[in-house]
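Trainee: fold the following, please.
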Amino acid sequence: MTTANSSSTPNILALFRHGAVPSVQFSSKAAVVALADEDDVEGTVRIDDIPTVHQVQLTTDTAAQVKRTIIFNEVVAYEMQQPRLSAGAGGRQVYQVCGRTIRNRSWFAVDRFAGGVHVAATHMAQNISGHGGDELARYGGVGFWAPRVRLLYDRAMAAYAEAARDDDADDDEAFVVAQVSVRPFALSLSVCAFPFSGAQTCQVRVCRGLRPESFLRDLHLSADPLGLTRLITPPISDVVLLHPTTQRLSEGLLSNFFATRFLPPPPSPTRNADADGRAPMAVARTKFYNYHLVCAPLDVIHRGPMLDAVWSLCKRDGIQVSFAGADLNDAIAGRWSGAFIVSSTCQLLPIDTMHLTDRRNTKIELGTCPLVTHLQTEILHKFANEPPV
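Mentor: Below is the predicted model of the structure:
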């Protein structure tokens, strides 16, 4: 193993698009592991010092901006436009794949992440196949990328964990970025703290639009005329779709979306126990009786195992569910008690901030909701012993 120290800012910062981020405590170190070539089976490790959110606003690096995105199996790969080497010359084609851990860095969907790297590499190899070369044959199989990505991830996480202990930030989540190119071959993986939200929450962007009929989460996004996928750039974890006429939210491009509302019980006279000593009916209701879970009708959203797990918990715990779709106007008026997304890559993440795509760049901040916290805890417990997929 080779370890080196570097004071340069890593490429992790190239994707950050928003300057306003919460003030949270996290490690100021980034662990970076890079392969020297495709025959390298060990990689070189270095620890970089990176600016914290207290020191600098994180903005897009003008030397490498997002051109297009690919969605594959709930993972997003970003094509980065590299600077031109000379007048009339194009830059090297590079993709970055981003992900995050949950459960205090103990859970990461590394196989799906490796699939995103494979798809990006295959796409680049196909683009240059007409100019000669054997990159498509060499790099077109997931079997080439999966073991290398896992190697880099394991080594980077081990190095980062040691660096985070030195920073007294042992319990933060990790932001994982792989950078891949096929001509010339290059593969590196960086790990730093996830600085955008609290350890167990996320941010989303809300955009008008309908899910394309051709969209399937296990295939490329073949039709995205509005360019919505380009908005899934850190700190945004997903784009939640808003129906253009009903003003109701349906689902995310990568996840299912839910809102919660607290409906206080109507005033009623106090009732004592009856002659048999039985408590009134209201006492027998669960503590979440006055919370309503709101989602879009089931026939217009994608159903997966996480969605079914949420339904099972609602049925078990007597939680009322409305399938009318969450009304954005209720969120703006402060009538939501919380919101969250669910997917196979992030399980269940409460939403702390919703960024609206309007002229005012409205931002809705959501507090902690007991129902969302309860569902998150139960989902984490239910899938605690299941490996990431």
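Trainee: go ahead and confirm residue 186 touches residue 179.
Mentor: Yes. Contact status for residue 186 versus residue 179: in contact at 7.1 Å, counting by Cβ atoms under 8 Å. C-beta: built from backbone N, CA, C; applies to glycine.
Trainee: more crowded one of the two?
Mentor: Using other Cβ atoms under 10 Å as the criterion, residue 186 and residue 179 rank with residue 179 on top: 24 against 16.
Trainee: packing partners for the helix or strand containing that one?
Mentor: Here residue 179 is covered by strand 174-182, with elements defined by DSSP states H and E. Here strand 174-182 touches strand 94-100, helix 110-128, helix 142-166, strand 185-193, going by 3 or more Cβ pairs under 8 Å, 6 or more residues apart in numbering; DSSP states H and E.
Trainee: before we move on, the earlier item: any common contacting residues for residue 186 and residue 179?
Mentor: Any residue near both residue 186 and residue 179 by Cβ atoms under 8 Å, 6 or more residues apart in numbering counts here, and that gives residue 94.
Trainee: ok, back up a step: the strand holding residue 179 pairs with which strands?
Mentor: Strand 174-182 sits in its sheet next to strand 94-100 (antiparallel), strand 185-193 (antiparallel), going by DSSP bridges.
Trainee: OK, contacts around the most centrally placed residue in the chain?
Mentor: Nearest to the geometric centre of the chain sits residue 237, at 3.8 Å (Cα atoms, centre = their mean). Going by Cβ under 8 Å, 6+ apart, residue 237 touches 100, 202-204, 254-255, 341, 346, 349.
Trainee: and residue 251, what pLDDT?
Mentor: Note for residue 251: predicted pLDDT of 89.
Trainee: so it belongs to a strand, correct?
Mentor: Yes. Residue 251 sits within a strand when classified using DSSP: H, G, I helix; E, B strand; the rest coil.
Trainee: correct me, but it touches residue 243?
Mentor: No. Assessed by Cβ under 8 Å, residue 251 is found out of contact with residue 243, at 10.9 Å.
Trainee: and those two? Which one has more around it.
Mentor: Just comparing residue 251 and residue 243: by other Cβ under 10 Å the higher neighbour count belongs to residue 251, 22 against 16.
Trainee: state the distance from the more buried one to residue 358.
Mentor: 20 Å (Cβ to Cβ, to the nearest Å).
Trainee: returning to that earlier point: from the helices and strands packed on strand 174-182, which stretch is densest packed?
Mentor: Highest mean neighbour count among these (mean count of other Cβ atoms under 10 Å): strand 185-193, with a mean of 24.
Trainee: got the buried residues for the helix or strand that that strand is followed by?
Mentor: For strand 185-193, the following helix or strand on the C-terminal side (DSSP H and E) is strand 202-208. Residues of strand 202-208 classed as buried by neighbour count (16 or more other Cβ atoms under 10 Å): 202-207.
Trainee: ok, and what's touching strand 202-208?
Mentor: Counting by Cβ under 8 Å, 6+ apart, 196-197, 226, 228, 231-232, 235-244, 249, 252, 257, 328, 341, 346, 349-357 sit against strand 202-208.
Trainee: quick check: angle from the strand holding residue 179 to helix 110-128?
Mentor: 30 degrees (axes from the mean of the first three to the mean of the last three Cα atoms, to 10 degrees).
Trainee: just how off-centre is strand 174-182 within its chain?
Mentor: Relative to its chain's centre, strand 174-182 lies at 14 Å (Cα atoms, centre = their mean, to the nearest Å).
Trainee: list every C-alpha atom in that strand, with coordinates, as CSV.
Mentor: This file holds the C-alpha atoms of strand 174-182, laid out as CSV (Å, rounded to 0.1, in the frame of the first residue of the first chain):
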residue,chain,number,x,y,z
ALA,A,174,-19.6,9.5,3.7
PHE,A,175,-19.9,11.0,0.2
VAL,A,176,-18.5,8.6,-2.4
VAL,A,177,-17.3,9.7,-5.9
ALA,A,178,-15.8,7.5,-8.6
GLN,A,179,-14.1,9.1,-11.6
VAL,A,180,-13.7,7.0,-14.7
SER,A,181,-12.2,7.4,-18.2
VAL,A,182,-11.5,4.7,-20.8
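Trainee: averaged pLDDT, that strand. What do you get?
Mentor: 89.
Trainee: stretch 149-157 too?
Mentor: 95.
Trainee: what's it in contact with?
Mentor: 1, 31-35, 41-43, 45, 105, 108, 110, 113-114, 117, 174, 176, 178, 187-191.
Trainee: mind redoing it with 6 Å?
Mentor: 31, 33, 43, 110, 114, 117, 189, 191 (Cβ atoms under 6 Å, 6 or more residues apart in numbering).
Trainee: using a markdown table, please lay out these together with distance to residue 311 and pLDDT.
Mentor: Output for the contacts of stretch 149-157, formatted as a markdown table (distance: Cβ to Cβ, whole Å; pLDDT from 0 to 100):
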| residue | distance to residue 311 | pLDDT |
| --- | --- | --- |
| 31 | 39 | 89 |
| 33 | 40 | 94 |
| 43 | 43 | 93 |
| 110 | 28 | 92 |
| 114 | 30 | 94 |
| 117 | 33 | 94 |
| 189 | 36 | 94 |
| 191 | 35 | 88 |
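Trainee: okay if I get these as JSON lines plus distance to residue 157?
Mentor: Below are those laid out as JSON lines (distance: Cβ to Cβ, whole Å):
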{"residue": "31", "distance to residue 157": "7"}
{"residue": "33", "distance to residue 157": "10"}
{"residue": "43", "distance to residue 157": "13"}
{"residue": "110", "distance to residue 157": "10"}
{"residue": "114", "distance to residue 157": "14"}
{"residue": "117", "distance to residue 157": "16"}
{"residue": "189", "distance to residue 157": "9"}
{"residue": "191", "distance to residue 157": "6"}
